[in-house]
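K.L.:
Quick one, what's the 3D model for this:
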Amino acid sequence: MKWLFYSLFGFWLLLAGPISMLLFGDLNLEGNWQTANRRSANIAPDPHTTPEAIIQVYSARTWSWRGAFAVHTWIAAKRSHETAYTVYQVVGWRQYSGRPVLQMEQDIPDRHWFGQKPTVLAEVRGDASLDSLISRLESIVQTYPYPWEYRMWPGPNSNTFTAFVARQMPELKLDLPPTAIGKDYLPNGSIVALAPSGTGVQLSLYGLFGVILSIEEGIELNVLSLTLGIDPLDLALKLPGIGRIGWR
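P.N.:
So this is what the prediction gives:
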């Protein structure tokens, strides 16, 4: 009976956050994705008036009920004096038209993700010396092992891609939110890897079960791709569905 009680309590703990987001969160559950807001959120610096090089990582809640569980993440960058951003992301529905899910093209960097306003997870700005980092970013993107594959759960998906890039670019110090389902799906069946921030290590079994111990992420426990954790340095809790609750 104790085993059953603890199992049910743990199951409720994992789903309490997503359920609360479904009931009380700002999710678009009835709209049409074809008419949803895809305009700029006016977050990214205007490339026409910002000569410096910029790399930004964004996240936004996914479309419809999926947003109660997960966010979509992507990367945007521009070199010094460029007047347009290049956006790097994985978009799952491209596979239905026979196109690669990995997308790399000039676009608005801070688009609403079908009605959901994005937030900046990481940013690096600087002079022309940052241009070489952007060139490395493009090389890393080209080595992503799943350009034609997409699986919403447990991966590979858009967050698998962002985490893959981040592990090879510790300059970003990217702490992906606990709602970035798929970030713990390690490429090519690996079990051990760097944490996405590059400041620690993680163990993961196909993105379904695992743990992260890291300076940037803190301590994260992954159960069925849902993350519970604590970030001692930033005084923050990480909860499934809800995301990050911090005091700093």
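
K.L.:
Could you use CA atoms for every contact and neighbour count after this?
P.N.:
Fine.

K.L.:
average pLDDT for stretch 181-194?
P.N.:
In this model, stretch 181-194 has a mean pLDDT of 96.

K.L.:
same thing with stretch 113-126?
P.N.:
Mean predicted lDDT for stretch 113-126 stands at 96.

K.L.:
And that stretch, what's buried?
P.N.:
Neighbour-count burial for stretch 113-126 flags 113, 114, 115, 116, 117, 118, 119, 120, 121, 122, 123, 125 (criterion: 16 or more other Cα atoms under 10 Å).

K.L.:
what about it, start to end distance?
P.N.:
27 Å (Cα to Cα, to the nearest Å).

K.L.:
circling back to that earlier point, how about the buried residues of stretch 113-126 in a markdown table, adding secondary structure and distance to residue 16?
P.N.:
A markdown table is the format used below for the buried residues of stretch 113-126 (DSSP: H, G, I helix; E, B strand; the rest coil; distance: Cα to Cα, whole Å):
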| residue | secondary structure | distance to residue 16 |
| --- | --- | --- |
| 113 | strand | 24 |
| 114 | coil | 25 |
| 115 | coil | 24 |
| 116 | strand | 22 |
| 117 | coil | 23 |
| 118 | coil | 24 |
| 119 | strand | 23 |
| 120 | strand | 26 |
| 121 | strand | 24 |
| 122 | strand | 28 |
| 123 | strand | 31 |
| 125 | strand | 38 |
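
K.L.:
and which of the residues you listed is nearest to residue 18?
P.N.:
Nearest to residue 18 among these, counting by Cα to Cα, is residue 116 at 16.4 Å.

K.L.:
beta partners for that closest one?
P.N.:
Taking DSSP bridges as the rule, residue 116 bridges to residue 113.
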